[in-house]
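**Student:** here is a sequence together with a model predicted from it:
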Amino acid sequence: MDKSNLFSEKFSKKSDEELKTILISKQHVKEAKQAALWELERREEQPNSKVKNIDVPTKSKTEHQMSKADKNFFKWRMLITGISFIAIALYFNYETLLATKSSLKEVSGRVEYSKTIIERVSATNRSGYKSYSNKATLEIKISEHPRPFRIFENIGQSRIHDGYQRLARLLNKGEQVSLLIPENKLKYGPEFFELTINGKTEISIESTKSQDYTTFALLTSFGALFIFLGMRANWIEQLRGMFRS
């Protein structure tokens, strides 16, 4: 079967270098590139041709290549995003992750009141998309301290927190409680790490830290992924070429 199309006759008069240029050109249509390839193959097959084993460039080496500026932009954007994730993870979780019982201050007293609060919170990502979830708060006011103490947990789309509500029912006025909190934030009424009611530990420092470990691990994993992508700009370039070829 004769391999030809409407470009074949015109391209038969072009040099080998011109045909190779057409093959990698972004301005030429698919049919033109096909005609150039057929013409080069035809010339290779001629017995007396001086054109032997012609090296035909492929589009994968050029069409999918990122410019140096694009590659640097991609690299630094991924690196900055990754470092931001890790920085946020450390900023919001370092105190809990490093906390030990010996580093915390024990505050004891009688319950003045306790309550569970469910509130809607939002977060906006880099692209401007805003997501919503619910945050549960257990608040405890001790008679011997001027400010209430709190513990928080994100509960997704749930409207209740069974654990906090159960504890709120146990924390009747006058009950004896003991809290472990960071000593340097005692005057602010900070988040507590451990709760003991009448000698029984209801919230342990281990359970509090495990929740923060999960958040910390998730954020740092995202950070490491973005840093990896930033350092592998060449690999991403090749991947783009595979999907577009």
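**Tutor:** Yes, it's here.
**Student:** which residues of this protein fall in strands?
**Tutor:** Secondary structure of the chain by DSSP state E: the strands cover 104-124, 130-142, 149-154, 176-182, 194-197, 200-203.
**Student:** so can I have JSON lines of these showing distance to Phe216?
**Tutor:** C-betas here are computed from N, CA, C, even on glycine. Output for these, formatted as JSON lines (distance: least, C-beta to C-beta, whole Å):
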{"stretch": "strand 104-124", "distance to Phe216": "17"}
{"stretch": "strand 130-142", "distance to Phe216": "18"}
{"stretch": "strand 149-154", "distance to Phe216": "14"}
{"stretch": "strand 176-182", "distance to Phe216": "17"}
{"stretch": "strand 194-197", "distance to Phe216": "19"}
{"stretch": "strand 200-203", "distance to Phe216": "19"}
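**Student:** would you mind measuring from Gln157 to Thr215?
**Tutor:** As defined by C-beta to C-beta, to the nearest Å, Gln157 lies at a distance of 17 Å from Thr215.
**Student:** who has more neighbours, these two?
**Tutor:** Thr215 (15 against 7; other C-beta atoms under 10 Å).
**Student:** any chance of the strands of the chain in CSV, plus distance to Lys33, mean neighbour count and mean pLDDT?
**Tutor:** Shown next, in CSV, are these (distance: least, C-beta to C-beta, whole Å; neighbours: other C-beta atoms under 10 Å; pLDDT from 0 to 100):
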stretch, distance to Lys33, mean neighbour count, mean pLDDT
strand 104-124, 46, 14, 87
strand 130-142, 46, 17, 88
strand 149-154, 55, 17, 85
strand 176-182, 68, 19, 87
strand 194-197, 71, 20, 90
strand 200-203, 69, 14, 89
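**Student:** residues touching Pro181, list them.
**Tutor:** Actually, residue 181 is Ile. It isn't Pro. Taking C-beta atoms under 8 Å, 6 or more residues apart in numbering, we find Ile181 in contact with 104-105, 107, 149, 190-193.
**Student:** repeat that for Leu79.
**Tutor:** 226-227, 230-231.
**Student:** again, but for Asn154
**Tutor:** For Asn154, the contacting residues are 121, 133-136, by C-beta under 8 Å, 6+ apart.
**Student:** mind redoing it with 7 Å?
**Tutor:** By C-beta atoms under 7 Å, 6 or more residues apart in numbering, the residues touching Asn154 are 133, 135.
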